[in-house]
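> Make a model of this:
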Amino acid sequence: MPPSPTAPTPGAELMQSAAVALSEFFDGHPVPTFAIDANHVITHWNQACEQLLGWSRDDMVGTSNHWQAVYSKARPLLADLILDGDAAQIAVYYPGKVLPSTTMPDAWEVEDFFPNIGASGQWLHLTAAPLRNGAGAVVGAIETLRDVTERRLAENALRRAHDNLEHLVEKRTAQLAEVNGRLEEDIRQRQLADAELRRRNLELTELNRQLSTAQQQLLQAEKLASIGQLAAGVAHEINNPIGYIFSNFGTLQTYLVQLFDMLGAYQEAESAITEPAVAARLRALRETIDLDFLREDIPTLMSESREGIVRVRHIVQDLKDFSRVDANQEWVWADLHQGIDSTLNIVSNEVKYKADVVKHYGQIPVIECLPLQINQVVMNLVVNAAHAIVAERGKITVSTGVDGDEVWIAVADTGSGIAPDTLSRIFDPFYTTKAVGKGTGLGLSLAYGIVQKHRGRIVVETELGRGTLFRIHLPIRHTDEHEPETLP
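Sure thing, here's the model as predicted:
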């Protein structure tokens, strides 16, 4: 009995099964692959091909538009040329780039750059081969595409490196030949050159010593110049407490004279206290000098005098500490807040008429430093901040804090700021924007040198018309370059 019209024949089932197997093979194949039939119509377009070329299977299968995924205008792909069987055309479209495959008969391979693929183009290795039926007739073609961009870029980089190396070798060879030509003469001159080098090294050592001495003298000169600039203000600060000390002691002397008179009267009264005239005189004298008031006022005057003397001692001691020659100062662990307070006391007369000084101290540890030099840096920054306030009364803020293994000191002002064209030169020696005779141009330069000596750094933030902030970062532990870091 003939098979039912609705039942598939065994041959059809076999073909359908083969088609399904081929489709599954294409989709599961990790290499981008597509196939075309004898009419150049796409029959298969696997997922890897979708990912590489950006065109989906639905867009491509059943069309002849596979050229759109590779080129900007219509032209045959390698699979099309193999399907046509025209080797001459293959050489025309891929001149000097196509080779017969060494692994498959009648297959060809091409490696080329395709600028239309991806964001900036890709290098692809193409392999195309004909598809034949059972009788050996060509019924289609298959083509695979492998992304070799990374390899080609690496090869190009290696080629450039190789070319550069060859060029360098040639250059070095020529230089070596030239050096060899001068070698005998150089050997003859070596002893003279060595002697000259030793002499220059001795000169350089002496110059370094002189430079170190000059730098220390320059530091002290700047310090003395700063002290001279502040001398009038310091004298004014000293005169204020001294003034009321003298006044109090003048009053105290008057009181003591009166007390002595009173005591003399009492001495006279010892033998004649019963006489009415003497008793009346003692009472009148006691009422005149107000003995009870003197007992209260004299301790107050003494306390005020003692406070004034303490203030004088502090000012003079701070001035003495600040002006001390510290060429041989040793590295010590010091409290920065104490040094900042001492420095602000010294410069108070320079600052108090121009700005209010606000202190925002954080919790910072003692650090290993040269305290007097740090005081010099703070003084230079505070005085510069005061000079930067040229309009109405401003504010200078001195802050401290900790940042990891460093502590920082910040001096901010509400002055005129620093112009961008001068910002890069503010640490140059002798550079100043002040009028002639108003500044040496060494303050910031010396401050920079001191911070560098402490292996720290200075950060500057400024805005014209808004003010400037200098932040000094100093390591907590000072170590020499060749000395291992150890905590005390």
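> what about the host helix or strand of residue 195, average pLDDT?
Residue 195 is part of helix 149-272, with elements assigned from DSSP states H and E. On average, the pLDDT along helix 149-272 is 75.
> Next secondary structure element downstream of the helix or strand bottoming out on mean pLDDT in the chain?
Across the helices and strands of the chain, the lowest-confidence element by mean pLDDT, DSSP states H and E is helix 10-28, at a mean of 55. Next helix or strand after helix 10-28 toward the C-terminus (DSSP H and E): strand 33-37.
> Quick check: buried residues in that next one?
By neighbour count on 16 or more other Cβ atoms under 10 Å, the buried set for strand 33-37 is 33, 34, 35, 36. C-beta coordinates here come from the backbone N, C-alpha and C atoms, glycine included.
> Next, format those as TSV and append pLDDT and distance to residue 395.
Shown next, in TSV, are the buried residues of strand 33-37 (pLDDT from 0 to 100; distance: Cβ to Cβ, whole Å):
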residue	pLDDT	distance to residue 395
33	90	75
34	91	76
35	91	81
36	91	82
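> Could you single out the nearest of these to residue 212?
Checking those against residue 212 with Cβ to Cβ, the nearest one is residue 33 at 77.3 Å.
> Next, work out how far apart the closest one and residue 47 are.
10 Å (Cβ to Cβ, to the nearest Å).
> Repeat that for residue 238.
92 Å.
> what do you get for residue 166?
Residue 166 is 45 Å from residue 47, where distance means Cβ to Cβ.
> ranges for the helices of the stretch 301-450 of the chain?
In the stretch 301-450 of the chain, the helices defined using DSSP state H, counting those that start in this stretch lie at 336-351, 371-388, 420-423, 443-453.
> which parts of the last one are buried?
When you say that, I think you mean helix 443-453. 443, 444, 445, 446, 447, 448, 449, 450, 451.
> Next: the second one.
The neighbour-count check on helix 371-388 (16+ other Cβ under 10 Å) flags 371-388 as buried.
> so it versus helix 336-351, what angle?
Our comparison of helix 371-388 with helix 336-351, counting by axes from the mean of the first three to the mean of the last three Cα atoms, to 10 degrees, yields an angle of 40 degrees.
> What angle do helix 443-453 and helix 371-388 make with each other?
Using the same axes, to 10 degrees: helix 371-388 against helix 443-453 is 150 degrees.
> CA atoms only for helix 371-388, dumped as CSV, please.
Taking C-alpha atoms only, helix 371-388 is exported to CSV below (Å, rounded to 0.1, in the frame of the first residue of the first chain):
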residue,chain,number,x,y,z
PRO,A,371,61.0,73.7,66.1
LEU,A,372,62.6,77.1,65.6
GLN,A,373,62.6,76.6,61.9
ILE,A,374,58.9,75.6,61.9
ASN,A,375,58.2,78.8,63.9
GLN,A,376,60.0,80.7,61.2
VAL,A,377,57.7,79.2,58.5
VAL,A,378,54.6,80.0,60.5
MET,A,379,55.7,83.5,61.1
ASN,A,380,56.4,84.1,57.4
LEU,A,381,53.0,82.8,56.4
VAL,A,382,51.1,84.7,59.0
VAL,A,383,52.9,88.0,58.2
ASN,A,384,52.4,87.5,54.5
ALA,A,385,48.7,86.8,55.2
ALA,A,386,48.5,90.1,57.1
HIS,A,387,50.2,92.0,54.2
ALA,A,388,47.7,90.4,51.7
